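Visitor: attaching a predicted model along with its sequence, questions to come.
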Amino acid sequence: MNLFHQYVNLDGTLMDTLVRDREILYTGTNGRHVERFYVSSSESYIFKPLTNDDQKGCEKWVYEHVLPALPPIYPQLLACSDTDVNGGEEWMVFEDLGPLHHLHTDETLVQAAGLVARWHALPPEHFAGIPLRGPKPLIQEMVSELHNRKTDLLELSSSLGFSKQQMQRIYAQLEHFSFSHQLVLSHGDLHPGNYALSGERLMVMDWEHAHLNTPLWDVYHLIDMSHPCFPRHMTSELRIRLLDTYLEQLELLGIRVDRTTFVHEYGRFAVIFSLWMLLLITSDLQRMGTEVHRNSGKWSKEQLESQLAETLACLNQCTVMMDWGQVQTCK
């Protein structure tokens, strides 16, 4: 038995009699808490139960089969449950990285773009057994949903400052566009809360959604994925700089990608994903407006409205990328 098993009950909860102190860091979709727990005044660790019931066993598998191929950019796994022997709920104990700083400065994002290229360069055939999709719909499924909900988007567009003519032009372009079928190792959920500075080290966390996907999935999450708790300000110039950094790092690793094709494809991908996000966020806001949901939900109305504005800014900028058919050079 690992030393850390003594701190966890058979039902997968922390044992209060041995844990000196604890603090909740965040709550998963199934209501279970990720916590920092102390076994002495100076010794702390991170306790992570299964936070998404659909991801059972995934993060442990990724730590065993995928992450050893990467540099140490992730928190070390110190212990995990053995449900075959002990029964109970799944859990993991990680090293405590200390205070995490989600400072999404230009240089931090540039560094992160280089890291994404590192794991995208790993041969996907080395990860037999990894899922072929994450918790969100695939980009092709998002396209289908956007077509099915075209009327909803056209009605929504005017309230968001988007003309119906602009939306019709987007739909016209999407009718004749398909994405590359290339698959790479994808983190799967690289939103702004899942990478942070620990001291001077950039760390990437929460790998339970790792799967094979288009390279654009991680790149979009890194650059343009909005999050209610971690607002960012992205500009067209910084976006191009990050895309160039990603492609330059791939080339250093022996993988050459046509820049013009990639950036055009990114613009279309970002427009699709952002439109899908707008439908999701506005749906959350509408539910929050009803009496029964007014005081429930994970995020506040102000946070969702900020996320909506950030997503809309991305949509406007990436629509221009999609329309122009030209790519500026970052100096």
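Guide: Thanks, I have it.

Visitor: which of the helices or strands spans residue 34?
Guide: Element membership for residue 34, per DSSP states H and E: strand 33-38.

Visitor: now residue 93
Guide: Per DSSP H and E, the secondary structure element for residue 93 is strand 91-95.

Visitor: so in that sheet, which strands flank that strand, and in what orientation?
Guide: Within its sheet, strand 91-95 is paired with strand 44-49 (antiparallel), strand 77-80 (antiparallel), according to DSSP bridges.

Visitor: and the strand holding residue 34, which residues are buried?
Guide: Residues 33, 34, 35, 37 are the ones in strand 33-38 that count as buried (16 or more other C-beta atoms under 10 Å). For glycine as for every other residue, the C-beta is placed from the backbone atoms N, C-alpha and C.

Visitor: now those residues as TSV including pLDDT and distance to residue 135?
Guide: Shown next, in TSV, are these (pLDDT from 0 to 100; distance: C-beta to C-beta, whole Å):
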residue	pLDDT	distance to residue 135
33	92	19
34	95	17
35	96	22
37	97	27
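
Visitor: residue ranges of the helices in the protein, please?
Guide: Here the chain has its helices, by DSSP state H, at 58-65, 83-86, 106-120, 139-148, 150-159, 164-174, 215-223, 236-252, 259-288, 301-324.

Visitor: relative to residue 234, which of the strands paired with strand 91-95 is closest?
Guide: Nearest to residue 234, of all the strands paired with strand 91-95, is strand 44-49, at 29.4 Å by C-beta to C-beta.

Visitor: next, the angle strand 33-38 makes with that closest one.
Guide: If you take axes from the mean of the first three to the mean of the last three C-alpha atoms, to 10 degrees, strand 44-49 sits at 160 degrees to strand 33-38.

Visitor: quick one on the thing from earlier: need the winner for burial among the strands paired with strand 91-95.
Guide: Ranked by mean neighbour count, those are led by strand 44-49 with a mean of 21 (mean count of other C-beta atoms under 10 Å).

Visitor: okay if I get the helices of the chain as JSON lines plus distance to residue 190?
Guide: Formatted as JSON lines, the entries for the helices of the chain read as follows, by distance: least, C-beta to C-beta, whole Å:
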{"stretch": "helix 58-65", "distance to residue 190": "14"}
{"stretch": "helix 83-86", "distance to residue 190": "28"}
{"stretch": "helix 106-120", "distance to residue 190": "7"}
{"stretch": "helix 139-148", "distance to residue 190": "15"}
{"stretch": "helix 150-159", "distance to residue 190": "26"}
{"stretch": "helix 164-174", "distance to residue 190": "24"}
{"stretch": "helix 215-223", "distance to residue 190": "4"}
{"stretch": "helix 236-252", "distance to residue 190": "12"}
{"stretch": "helix 259-288", "distance to residue 190": "13"}
{"stretch": "helix 301-324", "distance to residue 190": "15"}
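
Visitor: now, which of the buried residues of strand 33-38 sits nearest residue 237?
Guide: Within the buried residues of strand 33-38, distances to residue 237 taken as C-beta to C-beta reach their minimum at residue 34, with 35.8 Å.

Visitor: where does pLDDT dip in this protein?
Guide: Applying pLDDT under 70 to the chain picks out residues 1, 83-88, 290-297, 323-331.

Visitor: can you list the domains in it?
Guide: Using automatic domain parsing, the domain ranges for the chain come out as 3-95, 106-324.

Visitor: out of the ones you listed, deepest packed?
Guide: When you average the neighbours per residue for each of the domains of the chain (mean count of other C-beta under 10 Å), domain 106-324 leads with a mean of 17.

Visitor: chain center to that domain: distance?
Guide: Relative to the chain's own centre, domain 106-324 is displaced by 8 Å; criterion: C-alpha atoms, centre = their mean, to the nearest Å.

Visitor: sweet, I'm off.
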